[in-house]
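Participant: have a look at this fold, sequence not included:
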DNA sequence: GAGGGATTTGACCAAATGGTCAAGATGCAA
DNA sequence: TTGCATCTTGACCATTTGGTCAAATCCCTC
């Protein structure tokens, strides 16, 4: 007796997944993100992902046809989320506000999804075997578009003349560093982004560096 | 080359390595750096490292007792080189000059030894299983010392008030990013640090960002 | 050039691992 | 409850891989 679901009995056909499939695929993808980000693609084992997800290896392979299939799906899953903040950069907004908000979002992503950051870093460092085509098309298009936004801000004298692409790289580098190298940061400071105070402090420092770097003051002082 | 003629039949004891040992160990370490940085620890295979080094797997294991031993030695080999630039930061020098030079050196390291950068990044991202103790002692001591240098520059009004540790993290993040994410950078710009023009351009951009970030102009301009 | 240690390698082994398969367990509509 | 599709698993397989070992081959000293 299922007291909760008043749903009908169409279990899985036409794109919809059955309740059990939905649940298990999610469990697997969560476990996979954890394993892949922790050990890398080669270091992760299907057995351990299955154990993390609370099922047998055989059962996991009932939901995903291969280790590589799990990996690809995990990557695809996070990629959208990962690139979302940049898309919101608004040409008509105030540069300090817009870039400050972008940096803040990126750091929050590093704080909330450090595993996703490391998975992405791992993939790219290994030569981006799975996502290179996406980088060369979608991401390139996005970066070109947002570079133009920055270029316009420069042209209208709102920010100092800088190379927009290098500015984007700098933001990516600094914000993701706190997730990817969190172990090193913890070894040196005793804290990482999971500490709310350290998160605030990092946010303030990084934002301040970059905004000053492009000729703007910090977000609090506006004149 | 230590003591070529005076040696007895003991070719390698007491620290000195035979000519053949010297050569082969170097070949192995070079191949290991390439493999480990390209595939990560788990992804690399002893067989392929041996092939890269031009010898059989058995022979490689005659020189290094295990895969882990090769990995540790490779790491140790690059670690000194990797941290060297920071050590040269001179408290008595001009901040713009000193930091500019440090950034320049770090970018040049990324250009010349991208594999070392990726190996290091990989190690840290996996939780620094091998070098965590070093990070917590030697590196922490070094960072604390150089933070004090920066702190002094702030106290004497030479640079803007910033968090010294975050400044160091920012420099590491931005400079190493160009090595670790070179595939992504190449996908987006068509170039990487192996291109001399792009190297110059990157150097100028990153230096400019950070020096402006701490309240200094670029090296050439002053107001 | 002979003797002996240093170097090199192929054959081999055990463990780990990705994946298959058939059989059993479970959930669900009638 | 019954019948069928979905779900789950243990047993099993082939391959990869780190590491061992004894037998060669090389190199150097005397």
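Facilitator: Sure, I can see it. Because the structure is a prediction, the values reported are computed rather than measured.
Participant: what residue ranges in chain A score low on pLDDT?
Facilitator: Residues of chain A meeting the criterion pLDDT under 70: A:1-15, A:218-223.
Participant: can you map out the strands along it?
Facilitator: With DSSP state E, there are no strands along chain A.
Participant: please parse it into its domains.
Facilitator: As recorded under automatic domain parsing, the domains making up chain A are A:10-67, A:88-213.
Participant: what about the last one, how long is it end to end?
Facilitator: This points to domain A:88-213. End-to-end distance of domain A:88-213: 21 Å, with Cα to Cα, to the nearest Å as the criterion.
Participant: hang on, the earlier thing: pick the most buried one from the domains of chain A.
Facilitator: Most buried of those by mean neighbour count (mean count of other Cβ atoms under 10 Å in any protein chain shown) is domain A:88-213; its value is a mean of 19. The C-beta positions use only the backbone N, C-alpha and C, and glycine is treated the same way.
Participant: report the distance from it to the chain centre.
Facilitator: Relative to its parent chain, domain A:88-213 has a centroid offset of 10 Å by Cα atoms, centre = their mean, to the nearest Å.
Participant: likewise stretch A:78-98?
Facilitator: From the chain centre to the centre of stretch A:78-98 is a distance of 13 Å (Cα atoms, centre = their mean).
Participant: how long is that stretch end to end?
Facilitator: With Cα to Cα as the measure, stretch A:78-98 spans 23 Å from end to end.
Participant: for it, give me every contacting residue.
Facilitator: A:33, A:99, A:101-102, A:105-106, A:109, A:113, A:116-117, A:119-120, A:131, A:134, A:138-139, A:142-143, A:146, A:149, A:152-153, A:158-159, A:168, A:211, A:214, A:216-217, A:219, A:222 (Cβ atoms under 8 Å, 6 or more residues apart in numbering or on different chains).
Participant: what residue lies at the spatial centre of chain A?
Facilitator: With distances taken as Cα atoms, centre = their mean, residue A:82 lies nearest the centre of chain A, 3.1 Å away.
Participant: ok, which of the contacts of stretch A:78-98 also contact DNA strand D?
Facilitator: With Cβ under 7 Å from any atom of the strand as the criterion, the contacts of stretch A:78-98 include none near DNA strand D.
Participant: so the lengthiest helix in chain A versus helix B:19-43, what angle?
Facilitator: If you go by DSSP state H, chain A has its longest helix at helix A:19-43. Helix A:19-43 runs at 170 degrees relative to helix B:19-43, counting by axes from the mean of the first three to the mean of the last three Cα atoms, to 10 degrees.
Participant: is DNA strand C contacted by helix A:19-43?
Facilitator: Yes - against DNA strand C, helix A:19-43 shows contacts by Cβ under 7 Å from any atom of the strand at A:19-20.
Participant: now residue A:18: phi and psi?
Facilitator: Phi and psi for residue A:18, reported as degrees, to the nearest 10, are phi -70, psi 160.
Participant: mind telling me which residue of chain A is nearest DNA strand D?
Facilitator: Minimum separation of chain A from DNA strand D (Cβ to the nearest atom of the strand) falls at residue A:58, amounting to 2.9 Å.
Participant: show me what contacts residue A:154?
Facilitator: Residue A:154 is in contact with A:160-162, A:164, counting by Cβ under 8 Å, 6+ apart.
Participant: residue A:208 contacts residue B:162, doesn't it?
Facilitator: Yes - at 7.1 Å, residue A:208 counts as touching residue B:162 under the criterion of Cβ atoms under 8 Å.
Participant: which neighbours do the two have in common?
Facilitator: Joint contacts of residue A:208 and residue B:162 (Cβ under 8 Å, 6+ apart) are residue B:213.
Participant: distance check, residue A:42 against residue B:122.
Facilitator: With distances taken as Cβ to Cβ, to the nearest Å, residue A:42 is found 11 Å from residue B:122.
Participant: common neighbours of those two, please.
Facilitator: In contact with both residue A:42 and residue B:122: residue B:40, using Cβ under 8 Å, 6+ apart.
Participant: before we move on, the earlier item: what about the contacts of stretch A:78-98, which are in helices?
Facilitator: Short answer: these in helices (DSSP H) are A:33, A:99, A:101-102, A:105-106, A:109, A:116-117, A:119-120, A:134, A:142-143, A:146, A:149, A:152-153, A:168, A:211.
Participant: keep only these that also lie close to chain B.
Facilitator: residue A:143 (Cβ under 8 Å from any Cβ of the partner chain).
Participant: now the longest helix of chain A: how far from the chain's centre is it?
Facilitator: Here helix A:19-43 shows a centroid-to-chain-centroid distance of 16 Å under the convention Cα atoms, centre = their mean.
Participant: which residues does the spatially closest residue to residue A:41 that is not a sequence neighbour contact?
Facilitator: Nearest in space to residue A:41, with sequence neighbours left out and distances taken as Cβ to Cβ, 6 or more residues apart in numbering or on different chains, is residue A:71 at 5.9 Å. By Cβ under 8 Å, 6+ apart, the contact list for residue A:71 reads A:32, A:36, A:41, A:130.
Participant: which single one of those is nearest to residue A:191?
Facilitator: Ranked by distance to residue A:191 (Cβ to Cβ), the contacts of residue A:71 are led by residue A:36 at 25.6 Å.
Participant: my guess is the closest one contacts residue A:122. True?
Facilitator: Yes - using Cβ under 8 Å, residue A:36 makes contact with residue A:122 at a distance of 7.3 Å.
Participant: which residues does residue A:205 contact?
Facilitator: B:162-163, B:166-167, B:170.
Participant: now distance to residue B:28 too, for the domains of chain A, in TSV please.
Facilitator: Below are these laid out as TSV (distance: least, Cβ to Cβ, whole Å):
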stretch	distance to residue B:28
domain A:10-67	20
domain A:88-213	22
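Participant: out of these, flag the one nearest residue B:48.
Facilitator: Closest approach to residue B:48 among these is made by domain A:10-67 (12.3 Å; Cβ to Cβ).
Participant: please compute how far that closest one lies from its chain's middle.
Facilitator: Per Cα atoms, centre = their mean, the centroid offset for domain A:10-67 relative to its chain is 20 Å.
Participant: repeat that for stretch A:204-218.
Facilitator: 22 Å.
Participant: now swap in stretch A:69-85 and tell me
Facilitator: What separates the centre of stretch A:69-85 from the centre of its chain is 8 Å, taken as Cα atoms, centre = their mean.
Participant: which parts of that stretch are buried?
Facilitator: Across stretch A:69-85, burial judged by 16 or more other Cβ atoms under 10 Å in any protein chain shown covers A:70-71, A:74-75, A:77-79, A:82, A:85.
Participant: great, nothing more from me.
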